[in-house]
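# 3D, please:
(2 chains)
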2 protein chains.
Amino acid sequence: MTRATVDLDAPPPTPPEDLEDLALRDDYALNPRYVGMVVEAADRGDAARLEELVGALHPADIADLMGFLSAEHRKALIPFLAAETLAEILPELDTNIREEILERVAPDILVKALGELESDDAAEVVDDLEDDKRDAVLAALSDSDRAAIETTLGYDEDSAGRLMQREVLRAPQFWTVGQAIAHIRDTADDLPELFFDVYVVDPAGRPIGAVAVSQFLKASPDASLASIMESVTEIPVDMDQEEVAYIFDKYHLVSAPVTDAGGRLVGQITVDDIVGVIRQESEEDILAMHGVSDAGRDASIMGITRSRFWWLLVNLGTAILASSVISLFEGSIAKLAVLAVLNPIVASMGGNAGTQTLAVAVRALATKELTAANAVRIIWREIAAGVLNGLAFALVMGVVTVLWFHTPMMAIIIGLAMVINLFAAAVAGILIPLLLDRLGYDPAHSAVVFLTTVTDCVGFFSFLGLATLILF
Amino acid sequence: MTRATVDLDAPPPTPPEDLEDLALRDDYALNPRYVGMVVEAADRGDAARLEELVGALHPADIADLMGFLSAEHRKALIPFLAAETLAEILPELDTNIREEILERVAPDILVKALGELESDDAAEVVDDLEDDKRDAVLAALSDSDRAAIETTLGYDEDSAGRLMQREVLRAPQFWTVGQAIAHIRDTADDLPELFFDVYVVDPAGRPIGAVAVSQFLKASPDASLASIMESVTEIPVDMDQEEVAYIFDKYHLVSAPVTDAGGRLVGQITVDDIVGVIRQESEEDILAMHGVSDAGRDASIMGITRSRFWWLLVNLGTAILASSVISLFEGSIAKLAVLAVLNPIVASMGGNAGTQTLAVAVRALATKELTAANAVRIIWREIAAGVLNGLAFALVMGVVTVLWFHTPMMAIIIGLAMVINLFAAAVAGILIPLLLDRLGYDPAHSAVVFLTTVTDCVGFFSFLGLATLILF
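Got it, this is the predicted structure:
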């Protein structure tokens, strides 16, 4: 956990003030002009200028800058990153850029940087190292740092164990506020830079409560910790980070103790770790709904092409399936080509109406606002709304068809097909994510494919089928 | 800011232990069986049981419970909500449910509840009151509470001013750590329940630094605040909450001072407020991309139908536009009905490929990873990937067409159309959100409509046009 700060009593690194002003736009994004200045200095091989430009940036902005540069230009910057700066940048980088930089940083700088990081961040960085470099770096670390990193890497990715920091303040319940403060003063050097809570533990090391740091300032020094502590929500070390974020969000937690299978305190998660998790999980949801895995900011053209290919292949399969429904009615189309003109409209409306229902259902499932307690009511509501909009658009499209083609019978056919397909869209839009969720899959993932397969097939079949039945 | 806690030294509200166990599922969502028990007790009119069931729940879970109940059942619960409980529930409720409950709560209970809330939460609640009730409630509040709420409501919705809490600890820079702690002890009753930082201000009231509470415990009592303070990132009071969340996420801030136009400290925003903002903004993005505004968990069927109607109407317009492209080729389709069978495949592939590009671009714009500094490179990369996948699927679809219809010429036509449409999809998928962003619109909003209009029209025109050109 780092903060957007510089030590005010340390001498400033003497960048001219105008550079800092120039670095960020008003919205705190990196200024494209500044990126251009870095590129230009790198192209000129102007080391002094590069050092000056990089020195004027906050580490989070250096990490951001890396994402805007090409691999060549990134390489030029690496020599100007001190171990302390590198430590603050590494956890911020996109995975593929981090891997690239880790390959190029000298091992001794890297070992120093890892020593600066908290255990969760250090583990994340080590996890990205190639095998031989990882062994070399781990061997060069202190025994305690290495043990901390290896323990963290022993937990599943995306689990509370990976997210937590092992550095935590604990105190026995019989201590007074004064005793706890004295202990904190004595061990100040070993403590996390920032902490919010002191956890009160029983003799077996299980957390039984927490005292917020601000309470220490307010409470009498003679008060026992047990008398002022508040109860805590324990996070099992193997809990998925999405669950952890849900709990923090729901109960407005600032920090929570992480416990092992025996209920013993092994670390803590703080709310600022959760901000990143929530951002990441919601981005994944948006991308997953559209069949993209984020290939990273600096992914290659081939990497991007490949990452999209498989979803498009699945989509091709479903599009062919839907087209084979049309081919059932080739005879009707040959007799009346206008059917082919109107045909995509019903399918398109079904796809969009169904995706609306789907988006709402996916969101409600993610926030646990859709459970067995209200599923029947929500399903009914979505289907009723689907039918109502089906009737509304049957009317609208009926009028359009009469005006366009002057055939009232065609208007009735397309209207009926619209009601049928918007009904099917509502049913599929709500039941598909519920079913995926019940089966243990992520409802955001691939639900759109299933849905549009249903709405395309039903749309084509109902419109062309009704037309064949009624007109021929 | 509240925490998932009960005072351990207060006597427990004597719910039998098994109720608390039963209330939540393993994933901390409310247990549907528990909701069923509440519904049953409400139907029986069993007040004692209802009180017991509600009493066993954490306020966040009572708020959650409200969302699962019908309006009738919610009404039955209101008498069992004490002012303190109500205070903790109100900020958690969906807007439409909150409005409904506020109508039914007795004004004296409401006034008491508002007194318990911090200024930002109280203002949000007051904002939802109907005019006459609002005037009555405001009149019954203390002068300072009323002034705080009215000031907060003077700021734009979704601005930092609405998000901040006005309660903030400030200290002049010449104070020592010891003096500041003594001041905190003296004024303990007026302080926020939890706080993370003390802001150091200059004589004009402008924040010049911050000291984390944990630093107070570690530092010597004789140290001056100026010597241990760290620099702060100031948030202008009129900044949009999405910008605030971006800054907190980027710099891993725990809290930040909010300043007025004169640079004076007027409040603070803490990271736990940001968790809600990030969750809310990302949910809005997912829903906006699909043309849904969240009508709320307990919205009526008519409310939902209306909220979806307009987007579907826009979609109908674009679908008709695309169909009018097909109608240009009615003659060709009448001669060769198989064209109508294959026609939707090219359009569907374009729509999906374009939405993939769009989802990536929308995400990158939101995280400010796509700016003028790398736009050209990203545009080029997306177009290249689009063309490569176009070539790949031209091949795949060509083979499928030969196997399905045994016409090599048709395979060439659909392959060419595929390349053209996946190229168009990439161009539209990246340029539409960039253009919307440049024009000051939210790129997530309605981008999908524009995109599929392009891919449908280009898909239909290229396939049917090539077929007409080559085959007839």
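# may I see the buried residues of the helix or strand encompassing A:Trp311?
Element membership for A:Trp311, per DSSP states H and E: helix A:301-327. For helix A:301-327, burial by neighbour count (16 or more other C-beta atoms under 10 Å in any protein chain shown) applies to A:301, A:304-309, A:311-312, A:315-316, A:318-320, A:322-323, A:325-327. All C-beta atoms are positioned from the backbone trio N, CA, C, and that covers glycine.
# kindly identify which of those residues also come near chain B.
A:301, A:304-305, A:308-309, A:311-312, A:315-316, A:319-320, A:322-323, A:326-327 (C-beta under 8 Å from any C-beta of the partner chain).
# from those, pick the one nearest A:Leu153.
If you rank these by distance to A:Leu153 using C-beta to C-beta, A:Ile304 comes first, at 29.4 Å.
# need the pLDDT of the closest residue to that closest one other than its chain neighbours.
Leaving out its chain neighbours, the residue that sits closest to A:Ile304 by C-beta to C-beta, 6 or more residues apart in numbering or on different chains is B:Ala385, at 4.3 Å. Looking at B:Ala385, its pLDDT is 94.
# what of A:Thr14?
50.
# torsion angles phi and psi at A:Pro203?
phi -60, psi -20 (degrees, to the nearest 10).
# per-residue pLDDT of the residue most central in space within chain A, please?
Nearest to the mean C-alpha position of chain A, counting by C-alpha atoms, centre = their mean, stands A:Gln280 at 1.6 Å. Among the per-residue scores, A:Gln280 shows a pLDDT of 83.
# and it, how close does it get to chain B?
10 Å (C-beta to the nearest C-beta, to the nearest Å).
# ok, A:Thr259 next?
15 Å.
# chain B contacts on the stretch 101-250 of chain A?
Residues of the stretch 101-250 of chain A lying near chain B (C-beta under 8 Å from any C-beta): A:181, A:184-185, A:188, A:191, A:194-196, A:209, A:212-214, A:216-218, A:226-227, A:229-233, A:243, A:246-250.
# quick one: buried ones out of the residues you listed?
Using 16+ other C-beta under 10 Å, the buried ones in those are A:181, A:184, A:191, A:194-196, A:209, A:212-214, A:216-218, A:226, A:229-230, A:232-233, A:243, A:246-250.
# of those, which belong to helices?
A:181, A:184, A:213-214, A:216-218, A:226, A:243, A:246-250 (DSSP state H).
# in a markdown table: those, plus distance to B:Phe423 and pLDDT.
What follows is those, written out as a markdown table (distance: C-beta to C-beta, whole Å; pLDDT from 0 to 100):
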| residue | distance to B:Phe423 | pLDDT |
| --- | --- | --- |
| A:Ile181 | 67 | 89 |
| A:Ile184 | 63 | 87 |
| A:Val213 | 58 | 88 |
| A:Ser214 | 59 | 87 |
| A:Phe216 | 64 | 86 |
| A:Leu217 | 64 | 84 |
| A:Lys218 | 65 | 84 |
| A:Ala226 | 69 | 92 |
| A:Glu243 | 43 | 92 |
| A:Tyr246 | 42 | 92 |
| A:Ile247 | 46 | 93 |
| A:Phe248 | 44 | 93 |
| A:Asp249 | 42 | 90 |
| A:Lys250 | 46 | 90 |
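# if we only consider the residues you listed, which is nearest to B:Ser142?
Closest to B:Ser142, out of all of those and judged by C-beta to C-beta, is A:Lys218, at 22.8 Å.
# from memory A:Ala411 sits against A:Gly398, does it?
Yes - contact status for A:Ala411 versus A:Gly398: in contact at 4.0 Å, counting by C-beta atoms under 8 Å.
# run a quick neighbour tally on A:Ala372.
Counted with other C-beta atoms under 10 Å in any protein chain shown, the neighbours of A:Ala372 add up to 15.
# check which helix or strand it maps to.
Per DSSP H and E, there is no helix or strand for A:Ala372.
# ok, it - contacts?
B:Pro32 (C-beta atoms under 8 Å, 6 or more residues apart in numbering or on different chains).
# can you check A:Ile274 too?
Applying C-beta under 8 Å, 6+ apart, the residues contacting A:Ile274 are A:244-245, A:248-249, B:275.
# ok, it to B:Phe460 distance?
For A:Ile274, the distance to B:Phe460 (C-beta to C-beta, to the nearest Å) stands at 47 Å.
# residues from the stretch 351-472 of chain A in reach of chain B?
Counting by C-beta under 8 Å from any C-beta, the stretch 351-472 of chain A sits next to chain B at A:352-353, A:355-356, A:358-360, A:362-364, A:367-369, A:371-374, A:377, A:381-382, A:384-385, A:388-389, A:392-393, A:396-397, A:400, A:452, A:456.
# so where's chain A shaky on pLDDT?
A:1-17, A:294-298 (pLDDT under 70).
# the strands in the stretch 151-300 of chain A, which residues?
Ranges of strands within the stretch 151-300 of chain A are A:170-172, A:197-201, A:207-212, A:235-236, A:255-259, A:265-270, based on DSSP state E, counting those that start in this stretch.
# per-domain residue ranges of chain A.
A:17-163, A:170-272, A:301-471 (automatic domain parsing).
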